Each structure stands twice: as structure tokens, then as C-alpha cells.
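Visitor: Take this sequence and fold it.
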Amino acid sequence: MAQSTKVNAFFESQPVGQWFVLHFLRPLGRWAFIMPLLIVNAVVVIIPSVTGILYAFTDWSGVGDANWIGLANFQKLFQDDIFFKAFSNNVIYTALFLTLPIMLGLLGAYLLAGVTRGQVIYRLIYFIPYMFSSVINTQIWRYLLHPKYGIGAALADIGITFLDFPIFGRRDTALYGIVFVDGWHWWGFLVVIYLAAMSQVDKELYEVARLDGASRFQQFRFVTLPSIRPTLIFTILIIFIGTTLVFDHVYILTGGGPAHASEVMATYLYTQAFQNFDVGYAASIGVMLALWVSVPLCAFYYLRRRGWEI
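Guide: I've put the predicted structure just below:
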């Protein structure tokens, strides 16, 4: 170690050695640390992404050679009624998730913030649904909402019939039933996230607001919400991305049916790639998914550039 230190000191004492150390050895050392991460990222993310974009311009079944067909897949895509149905379902899914779960999460966090004893237990209770995997979550609700053995049938036996129908088997309710199940799985996570953000708000702000005669709602509106805005915008961003890429709940509960009533872009992509073996067309759907997900990312970047604290 001492000998190595002397060698480095000698090189750094010489003009050529200083240039060699500053412009070669130190950058090389930094790249040596980051190179494993870059290699993994290239293999797992960059190469598959570029390959998927290239396959979007081909006619490929997943086996054999891919034939270059240019923009034919995208022309077919913009004439595909099922794709537009799936896209509209994604928009509805996202709109519902950006309202009800966020409102319930804020309400639960605000009520829980006033609890001084046993708050950890309440946090755990709220967080338990999020700890379940999507498979377990969907199976629980599949049985709870079963048209013959679930809640609806039990209520129908005592004369309450508003749930006595197959929620996941009707075109007008299948998508909303999935949103309810996924929202139940997700909103407890929002409660914990918002509660953590609210606990960091300066208590003196609430004292000043109370002295000024602000009601609890006004304190929440003018103190709490502005203070947790970075967390709120972050959750909006991940909800937008997550609901755009939603697959598991839809696939397990309905498979996109009945008659594509609950079809979303991810399940339609899966159908085209692994059931119809039209990988090129599925890749074009994937490109559209990536473009749609980039919308909130660009908005997030724009707001950061404008100086928003998010």
C-alpha cells in the first residue's frame, strides 16, 4: 500500500503524470464502478427496447425471419376498433384511479394523522391489502363477488338484490369491477405514503392557521395539500404509469372480456403476441404504450424545469 502511494505521488508530481491521472486513471475508475450497472441496464432494458421498436416495423410470428413491412402495422393499428376500445378502457382506468383512490388515500391519511395512540397498528391494517400479490387479491374478490356464492347472492337471500348479478361477466360492469378490486389493493399504500408526508408538515403552520380562524378543511386545503404537493404529484405520476401498463388484474379476472369490454392495451398486446402469434403487430402496440406513458414523464420534466418542487 505504501509503495502504491509513493508511485501515485510520483506520477502526480510530474506534468505528464498529472495529465495521465486526471484524464485517464480517475475517469477509468469511475467507469469501472458504474460499468456493471450499465451492462445490466443495456441487456435488460436498452437492447430489448430497441429490438421491440424494430420489430414494430416487421411482420414476424416469433419464429423464423422477420420481414420488414415499414409502417403497415401502425396503419393497421389506427384502423383497429379493438385497439381503440382498449385505449379508451386504459383512459377510463387511469381517470378513475386518479380520483377515487387518491381521494380515499388523502382522507384516510388525514384522519389517521390525528390518531396519537396505536397509529402503527392502523398503518399496518391499511397496508395489509397492498402486501397481497395480485393473484391472491383477485382470487379473494373473485369469490367475494361470485354471482352464486358471493356477497351478492348472500344479500339477495335477505332481499337486497343490487349486487345479485355477475359483475365480471357483464359488459357494462366488468371494467369497473376490476378497477374496484385493483383500487382496494392500492389505496392502502397511498394512505401510508400520504401519512408519511403529512407527518413532515411543520406543526407551526397549523397553529398559525388556527389563530387566523381557519377551519379544519381550510387547514387541509391551504396547509396540508401545498406541503405534500411533491408526494402528491409523484403518486399521480406512478398511478398514470401503473394504470397504463395494467395487466395482471384484467388478465386474471376477465382476460379482457366479455367481448373486449375490459380489454386494455397490455392484454391486447399479450393476445396478439402469444395467442395470435403476430409479434410485429404486438410490438407496434408496445410502441404506442411507450408513447402514451411518456406523456406524464414529459409533463413531470417540464414542471421541474419551470421550478416546481416535485
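
Visitor: Give me the packing partners of the helix ranked longest in the chain, helices and strands only.
Guide: Under DSSP state H, the helix in the chain containing the largest number of residues is helix 279-305. Counting contacts by 3 or more Cβ pairs under 8 Å, 6 or more residues apart in numbering; DSSP states H and E, helix 279-305 packs against helix 47-55, strand 58-59, helix 72-77, helix 81-97, helix 229-244, helix 265-274. Backbone N, C-alpha and C define where each C-beta goes, glycine included.

Visitor: how about the ones you listed, which one is nearest Leu107?
Guide: helix 229-244 (13.5 Å; Cβ to Cβ).

Visitor: Can you get me a residue count around Phe132?
Guide: By the criterion of other Cβ atoms under 10 Å, Phe132 has 14 neighbours.

Visitor: now do the one 10 residues further on
Guide: A total of 16 residues lie near Arg142 under the criterion other Cβ under 10 Å.

Visitor: Ok, the one 4 residues further on next?
Guide: Residue crowding around His146 was assessed by other Cβ under 10 Å; the count is 15.

Visitor: what do you get for Val264?
Guide: Per other Cβ under 10 Å, the neighbour tally for Val264 reads 30.

Visitor: for it, what are its contacts?
Guide: 86, 89-90, 93, 246-247, 250, 256 (Cβ atoms under 8 Å, 6 or more residues apart in numbering).

Visitor: on that earlier part again, looking at the helices and strands packed on helix 279-305, which one is packed in the most?
Guide: helix 265-274 (a mean of 20; mean count of other Cβ atoms under 10 Å).

Visitor: Nearest residue to Asp248 in space, please, no chain neighbours.
Guide: In space, and not counting its chain neighbours, Asp248 is closest to Ser134: 4.2 Å by Cβ to Cβ, 6 or more residues apart in numbering.

Visitor: so that neighbour touches Tyr251, yeah?
Guide: No - counting by Cβ atoms under 8 Å, Tyr251 is not a contact partner of Ser134; they are 9.4 Å apart.

Visitor: Would you point out which residue is most central in this structure?
Guide: In the chain, the centroid-proximal residue (Cα atoms, centre = their mean) is Gly242; its distance is 2.2 Å.

Visitor: Tell me who's in contact with that residue.
Guide: Neighbour list for Gly242: Phe97 [criterion: Cβ under 8 Å, 6+ apart].

Visitor: Quick check, pLDDT for it.
Guide: Confidence at Gly242, expressed as pLDDT, is 90.

Visitor: could I get the helices and strands packed on helix 279-305 as TSV with distance to Ala113?
Guide: Output for the helices and strands packed on helix 279-305, formatted as TSV (distance: least, Cβ to Cβ, whole Å):
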stretch	distance to Ala113
helix 47-55	41
strand 58-59	54
helix 72-77	47
helix 81-97	23
helix 229-244	13
helix 265-274	36
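
Visitor: so where's the stretch 201-310 of the chain uncertain?
Guide: For the stretch 201-310 of the chain, applying pLDDT under 70 flags the ranges 309-310.

Visitor: any idea which element the residue lying closest to Tyr149 once chain neighbours are set aside lies in?
Guide: Among residues not flanking Tyr149 along the chain, Tyr143 sits closest, at 6.9 Å (Cβ to Cβ, 6+ apart). Per DSSP states H and E: Tyr143 is located in helix 134-144.

Visitor: Helices along the stretch 101-250 of the chain, start to end?
Guide: 119-131, 134-144, 151-156, 174-198, 203-211, 216-219, 225-227, 229-244, 248-253 (DSSP state H, counting those that start in this stretch).

Visitor: just so I know, which of those lies nearest Ala109?
Guide: Ala109 sits nearest to helix 174-198 of all the helices of the stretch 101-250 of the chain, at 3.7 Å, using Cβ to Cβ.

Visitor: From the contact counts, what lies against that closest one?
Guide: helix 81-97, helix 100-113, helix 119-131, helix 134-144, helix 229-244, helix 248-253.

Visitor: Those: which one's closest to Ile151?
Guide: Comparing these by Cβ to Cβ, helix 134-144 comes nearest, at 5.5 Å.

Visitor: Please work out which residues outside the closest one touch it.
Guide: Counting by Cβ under 8 Å, 6+ apart, residues outside helix 134-144 touching it are 129, 132, 149-151, 168, 181, 184-185, 248-249, 252-253.

Visitor: and it with helix 119-131, angle?
Guide: With axes from the mean of the first three to the mean of the last three Cα atoms, to 10 degrees defining the directions, helix 134-144 sits at 90 degrees from helix 119-131.
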